[in-house]
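[1] I would like to see how this sequence folds:
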Amino acid sequence: MLVSTGHEDPTADLVIAELNRRRVPVLRFDPGRDFPGAAVLAARTRQGGWSGTLSMGSRTAELHAVRALYHRRPSMFEPADEGQDARFAVQENRRGLGGVLGALPGCLYLSHPQAIARAEYKPAQLATALGLGLLVPETLITNDPAQAEEFCDQWPAIYKPLHAGAYWVNGEPAGIWAARVGPGEIDDAVERSAHLFQAAVPKVADVRAVVVGNQTFCARITAPPGVLDWRAEYRDLRYEPTDCPTDVRSALAAFVQDFGLKFGAFDFAVTADGAWWFLECNPNGQWAWLEEAAGLPITAAIADVLENGECPT
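    Numbers count the residues shown, from 1 in each chain. Next up, the predicted model:
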């Protein structure tokens, strides 16, 4: 079994420890840091798919025998310098190693890298959620200040980024959280990029729903009054396991199937009448802290999928 993730990934560590406990052989590597270098690829075409080896030091995986690949959060391929040769090498590494790993015969992917990449686009997420009957807040994506001002005048609105990428402030990593925005705060800076504005849901709580194979685990998250984005207040949150409404569970199963995923971390806003409003899906989202906080056996469920192909029913 292969685990593709960063050198420091406590979430993947939990799954690897569980697989080790089950005596499932695991080769862990980080494509962006280990290849080329510590990781050595020798792949050959054969009838039925790729054969050959991927090695890390003294450990070697036979490509044709890889039963599963856990694609967590590997480092991106980065050029060694600004030169043309370095940029060329990065693309060759990505399409060579990445291409082989994405075409292993008979391999179960949790999830396939290309499926994860497609599912990261929020416009596709929102359109799919609407098509599946989920409640979705009124949303505008624009680079037109006039449209943004009109939207924020029509609704109590929030702004949030379309991608949770790395952002640095004074040399330190920082998150860009969802924030309330009024029409008077809109200016010409909106023209510089696409912006996502959304009608604010009058929520009383949030839910993170984690889909693993054919199972769904839900934690209700209660933040202090007035907190819009619970991720900004981890120290003051309360967690409890909660049941997933049948219609929402069915929609989530269809959602991951539509995107070709085996895993998805979904965020919902819950209103006083018990309605669940879809906000987004992170196809490789975090979940480890919920195991202890809400008593959700997600590690075992992921190990079940990787070892057996599906969660037990």
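[2] for stretch 299-307, what is the average pLDDT?
    If you average the pLDDT over stretch 299-307, you get 96.
[3] meant to ask about stretch 200-218
    96.
[4] Ok, stretch 242-250 next?
    97.
[5] now do the same end-to-end measure for it.
    Using Cα to Cα, to the nearest Å, the span of stretch 242-250 from its first residue to its last is 16 Å.
[6] Now do that stretch: everything it contacts.
    133-134, 207, 209, 216, 218-220, 252, 268, 276 (Cβ atoms under 8 Å, 6 or more residues apart in numbering). For every residue, glycine as well, the C-beta is placed using N, CA and C.
[7] so after the helix or strand where Asp206 lies, what's the next helix or strand?
    Using DSSP states H and E, Asp206 maps to strand 203-212. Past strand 203-212, further along toward the C-terminus, the next helix or strand under DSSP H and E is strand 215-222.
[8] Give me the buried positions along that following strand.
    Neighbour-count burial for strand 215-222 flags 215-222 (criterion: 16 or more other Cβ atoms under 10 Å).
[9] repeat for stretch 80-99
    Quick answer for stretch 80-99 (16+ other Cβ under 10 Å): 89-90, 93, 97-98.
[10] Over to stretch 200-218?
    Going by neighbour count (16+ other Cβ under 10 Å), the buried part of stretch 200-218 is 200-201, 203, 205-213, 215-218.
[11] For it, measure first residue to last.
    Terminal residues of stretch 200-218 lie 22 Å apart, using Cα to Cα.
[12] how far does that stretch sit from the chain's center?
    Computed by Cα atoms, centre = their mean, to the nearest Å, the chain-centroid distance of stretch 200-218 equals 14 Å.
[13] Next: stretch 151-163.
    Centre-to-centre, stretch 151-163 and its host chain are 22 Å apart (Cα atoms, centre = their mean).
[14] same check, this time on stretch 9-22
    Counting by Cα atoms, centre = their mean, stretch 9-22 is centred 18 Å from the centre of its parent chain.
[15] List the contacts of it.
    With contacts defined as Cβ under 8 Å, 6+ apart, stretch 9-22 is touched by 1, 3, 5, 26, 28, 70, 72-73, 286-288, 291, 299-300, 302-303, 306-307.
[16] same thing but at 6 Å, please
    Contact partners of stretch 9-22, identified using Cβ atoms under 6 Å, 6 or more residues apart in numbering, comprise 3, 5, 26, 72, 288, 299, 302-303.
[17] Check which residues of the one helix or strand Thr128 maps to are buried.
    Per DSSP H and E, Thr128 falls inside helix 122-131. Neighbour counts using 16+ other Cβ under 10 Å place 122, 125-126, 128-129 of helix 122-131 among the buried residues.
[18] Among the contacts of stretch 9-22, which are located in strands?
    Among the contacts of stretch 9-22, the residues falling in strands (DSSP state E) are Val3.
[19] neighbour-wise, which of the contacts of stretch 9-22 leads?
    Ile302 (27 neighbours; other Cβ atoms under 10 Å).
[20] Now the nearest residue to Gly49 once chain neighbours are set aside: phi and psi?
    Using Cβ to Cβ, 6 or more residues apart in numbering and skipping residues adjacent in sequence, the residue nearest Gly49 is Pro105, 2.8 Å away. For Pro105, the backbone dihedrals (degrees, to the nearest 10) come out as phi -70, psi 130.
[21] how close does Pro105 sit to Leu97?
    17 Å (Cβ to Cβ, to the nearest Å).
[22] Over to Thr242?
    41 Å.
[23] What of Lys122?
    According to Cβ to Cβ, Lys122 stands 28 Å off from Leu97.
[24] where do the strands sit along the stretch 151-300 of the chain?
    Taking DSSP state E, counting those that start in this stretch as the test, the strands found in the stretch 151-300 of the chain are 157-160, 168-169, 172-173, 179-181, 195-199, 203-212, 215-222, 238-241, 263-271, 276-282.
[25] Next, format those as CSV and append distance to Ala12.
    Formatted as CSV, the strands of the stretch 151-300 of the chain follow (distance: least, Cβ to Cβ, whole Å):
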stretch, distance to Ala12
strand 157-160, 27
strand 168-169, 24
strand 172-173, 19
strand 179-181, 31
strand 195-199, 29
strand 203-212, 14
strand 215-222, 18
strand 238-241, 22
strand 263-271, 12
strand 276-282, 15
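[26] closest one to Asp81 among the ones you listed?
    With Cβ to Cβ as the criterion, Asp81 lies closest to strand 168-169 of those, at 20.9 Å.
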